[in-house]
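missing the sequence, but the structure's below:
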């Protein structure tokens, strides 16, 4: 049996294990003593491997390039030369007619690795000539990146994941690690067993809340009001480090002018939290020898996401619960390489290594390294991923190159996104599976999957780790970085690499904070944690030691903001709050985990809508029944899961499901500072369905038809036998 070391392709914890291979098939996993997981694996890490083998449980792998020469044509299988020549022709035409900024590209955080993302952003800037490059961090932790860069100078965790086990207090705010990052949750449980105090603020009674020393069931959408009141307590009870504030921060007086108005009593109706409970939590956090505050998308997917991160950073600074070992800020990233996509410059305002495109000296450095004439690289910030719908409607964006993502499943307001993709002059989709987005593409390019290529991932805590290929590419699939290089060469900017190490070494030479992260250092279970400017260590576990922040004057900037209500509040037509959450056994658009035999058995369409017993009783809904969930954007089926751990007045849906697609219901309203959608707060209604037999058959019919259509799209030259669909008695809700 062969063994090949890899890094898990799912969450951002960065767990390391071996893929076990027999007769060219991946047959299992074996945990390794990685820096994060130390011999442990979660459900997805243990069983999320066999999608590589093309199980066809959910949707088939892509094995060959395809094109449709005209809108409305069926996809046709072609050679790689035909596909890339067609892509070159169409992209060049659009660039010449509308300019380089009419082309938008997005990178992938779901398995290709840092090297592929580096080459894509190089293609975007050096060949296409635009900064219109982004990644899915925009829809999740974009506010963490921006908010921490604004205040501390670097948009990442200031501590390492292993340090969470050694902290004396852990404050989890809008973050449920037991579902999002089970190995991180294991660290937190071990910290609890060691004597650490746990504070949780979350609208739901999560698994973490059940072990918390203090649990605060906050109201949905109250984050900035809550954090302001928490900060108010810290100052009024003198739980701050005045010496550290004076020496290592700026802006305290202006910050306090806002915060002083937010006593816990003044916002109790907004937060739902008893002032004395909040005071106990503030004391626990500030008085602990070391405290870490961790957050997830409960903070970032809000209209005030960046502003909430500003306030979290300020809370850590004024208490000096940062810039010390085992104390700091921990935005734990969701997808396995969303940190790496940002590291590699898949960001409209940043080159690799978080170097600003607006800086002329930085542009000159990259121009020289990339053999470009001075003044070639654009210095203006490009479009964000969430600018795509508006950009298409306004005529500013005409082509979209989608790399390894499924925005038709993962972006808000799916009906609007479908219209956006259909109205493009050109849609290119480069992926490993036929997804809903890829089915609309004019050009389909099949890449290799995780397990079929080498590379480096960045864990959520800035840790670089290598992974290796376990099996060769399938069919005509090519490595993503090879596809970008070949296309770039055809479009007039020659690029060629022999392997991922060549790409990685080029990137290191241009990014001082990554320079010491060599392939040799990352061999086996080795790792390198940025900032790592030299070769003589494994890098930096704790950032800002001694109070030296990465701002121009090395001082943290304290920033405070007034609370603003969520955009869409409940009303008589839509009286419930819809909040999107994660599924422990599935991941992103489900194309990977849905094709894993064990994980696919955990749950199925149409997914669940979790609802409080009182809300269910008022609507005549029984546990396990199919129901309608509706908003101003659409209506979908879901299955009711009645649970008293959910707060009254709110419902929760995961975003992996096709028939119960929560993003049919969410709205395209974004945080103006980050462009991140407000997925955690939409008004909705849940309605009982009297005829459950009809409802079950309708779900089965819709699901069957969607899978059948995608299977046919993936193999247009093959005949997929038609299967009998379940009959329905009345029209079913429109689905994307």
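Nice, thanks for sending it over. Note that the structure is a prediction, hence the values are computed from the model and not measured.

which residues are in contact with the residue lying closest to residue 644 once chain neighbours are set aside?
Excluding its sequence neighbours, the residue lying closest to residue 644 (CB to CB, 6 or more residues apart in numbering) is residue 613, at 5.4 Å. No exception for glycine: its C-beta is placed from N, CA and C like everyone else's. Counting by CB atoms under 8 Å, 6 or more residues apart in numbering, residue 613 touches 642, 643, 644.

10 Å instead, please
Residue 613 sits next to 621, 623, 642, 643, 644, 646, 648 when contact means CB atoms under 10 Å, 6 or more residues apart in numbering.

need the max-distance pair from these.
Using CB to CB, these reach their maximum pairwise distance at 623 and 648, which is 16.3 Å.

returning to what we had before: now, among the contacts of residue 613, which is nearest to residue 167?
Once CB to CB is applied, the member of those that ends up nearest residue 167 is residue 646, at 28.7 Å.

let's see which of the contacts of residue 613 end up in helices.
Here DSSP state H is the test, and those give no hits in helices at all.

which ones among the residues you listed lie within strands?
The members of these that map onto strands under DSSP state E are residue 642.

show me where the stretch 251-400 of the chain has helices.
With helices called from DSSP state H, counting those that start in this stretch, the stretch 251-400 of the chain shows them at 252-259, 268-271, 275-287, 297-300, 305-318, 338-343, 360-369, 388-393.

and of those helices, who's closest to residue 530?
helix 338-343 (7.4 Å).

next, the contact list for residue 479, please.
Per CB under 10 Å, 6+ apart, neighbours of residue 479: 112-113, 115-116, 119, 447-448, 452-455, 469, 473, 485, 497, 499-500.

ok, 7 Å please
447, 448, 453 (CB atoms under 7 Å, 6 or more residues apart in numbering).

so which of the residues you listed belong to strands?
Using DSSP E, none of those sit in strands.

now, among those, which is nearest to residue 154?
Nearest to residue 154 among those, with distances taken as CB to CB, is residue 453, at 29.0 Å.

mind putting the contacts of residue 479 in TSV, neighbour count, pLDDT and distance to residue 665 included?
Formatted as TSV, those follow (neighbours: other CB atoms under 10 Å; pLDDT from 0 to 100; distance: CB to CB, whole Å):
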residue	neighbour count	pLDDT	distance to residue 665
447	25	97	31
448	25	97	35
453	26	97	36
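
adding distance to residue 15, write those residues out as TSV.
Below are the contacts of residue 479 laid out as TSV (distance: CB to CB, whole Å):
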residue	distance to residue 15
447	23
448	21
453	19
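
the residue lying closest to residue 296 once chain neighbours are set aside: how many residues sit nearby?
Leaving aside its sequence neighbours, residue 296 sits nearest to residue 175 (CB to CB, 6+ apart; 3.5 Å). When neighbours are counted by other CB atoms under 10 Å, residue 175 registers 26.

residue 175 contacts residue 298, correct?
Yes - taking contacts as CB atoms under 7 Å, residue 175 lies within contact range of residue 298: 6.0 Å.

I'd say residue 370 and residue 126 touch.
Yes - between residue 370 and residue 126 there is a contact under CB under 7 Å: 5.0 Å.

look up the closest residue to residue 294, ignoring the ones flanking it.
residue 330 (4.0 Å).

swap in residue 560?
Nearest one to residue 560, counting by CB to CB, 6+ apart, is residue 258 at 3.8 Å.

quick one: residues contacting that neighbour.
560, 561, 562.

what helices or strands is the strand or helix carrying residue 686 leaning on?
For residue 686, the host element (DSSP states H and E) is strand 682-688. Applying 3 or more CB pairs under 7 Å, 6 or more residues apart in numbering; DSSP states H and E, one finds that strand 682-688 contacts strand 576-581, strand 626-630.
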